[in-house]
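[1] Predicted model and sequence follow; I will ask about them next.
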Amino acid sequence: MGKKASVLMIAVLSMSTMLMAQSGRSEVSVDYGANFSKESDGNQLAQVPTTSGGFLAGYQYALSHYGSVELSYGFTRNSQNFTIMDAFTGFQSSESVQTNVHQITAAVVIKRNVRKLNPFVLAGSGVLLFSPTDTANNASLGASTQTKPVFLYGGG
């Protein structure tokens, strides 16, 4: 393992230990994750997205013993790589669009203590914002900023 990876791992473990020591009505979390997107092809077009890493930061405030509200923000950056083949000439051209992806959500969390278990359900909504990083180049490719609504649900 490289020196940078070791330092990063120690920092993440230290931060998670500090965050777990919280008590009271407020709770803060920071998570790291990876995005694995599916490749697709058809009609003389192949799309190969990159694998990327990102983070999710959250804040939860307990309204009562049984419920809380949660706000979160996530970020990742990936590229969509396209290879286009002309059906008549067989000529191939390649283009790439790099995009920042922002996630902003709010949710209500309902929980109940059952012996030593703490089951919960959550529901909320928010937005996903897709924002190309090179607007001059991406405009010629037809790439533009998009905002999409999302529905958030879960349990555990």
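    Everything's here; your move.
[2] quick one: low-confidence ranges for the chain?
    The chain contains residues with pLDDT under 70 at 1-23, 135-142.
[3] redo that, cut-off 80
    Low-confidence segments of the chain (pLDDT under 80): 1-24, 37, 39, 41-47, 82, 84-87, 90, 134-144.
[4] quick one, strands of it?
    Assignment of strands within the chain using DSSP state E yields the ranges 26-35, 40-42, 45-49, 52-62, 67-85, 92-111, 120-132, 146-155.
[5] In a markdown table, list the ones you listed along with mean neighbour count.
    Glycine gets a C-beta too; all of them are placed from N, C-alpha and C. Below are those laid out as a markdown table (neighbours: other C-beta atoms under 10 Å):
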| stretch | mean neighbour count |
| --- | --- |
| strand 26-35 | 12 |
| strand 40-42 | 9 |
| strand 45-49 | 15 |
| strand 52-62 | 15 |
| strand 67-85 | 16 |
| strand 92-111 | 16 |
| strand 120-132 | 16 |
| strand 146-155 | 11 |
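[6] mind listing what the closest residue to residue 77 other than its chain neighbours touches?
    Nearest-residue entry for residue 77: residue 100, 5.1 Å, with adjacent residues in sequence omitted and distances by C-beta to C-beta, 6 or more residues apart in numbering. With contacts defined as C-beta atoms under 8 Å, 6 or more residues apart in numbering, residue 100 is in contact with 75, 76, 77, 129, 130, 131, 132, 133.
[7] farthest-separated two in those?
    75 and 132 (14.8 Å; C-beta to C-beta).
[8] For the closest residue in space to residue 85 that isn't next to it in sequence, grab phi and psi.
    Residue nearest to residue 85 in three dimensions, not counting chain neighbours: residue 44, with 4.4 Å by C-beta to C-beta, 6+ apart. Torsion angles at residue 44 (phi, psi; degrees, to the nearest 10) stand at phi 60, psi 30.
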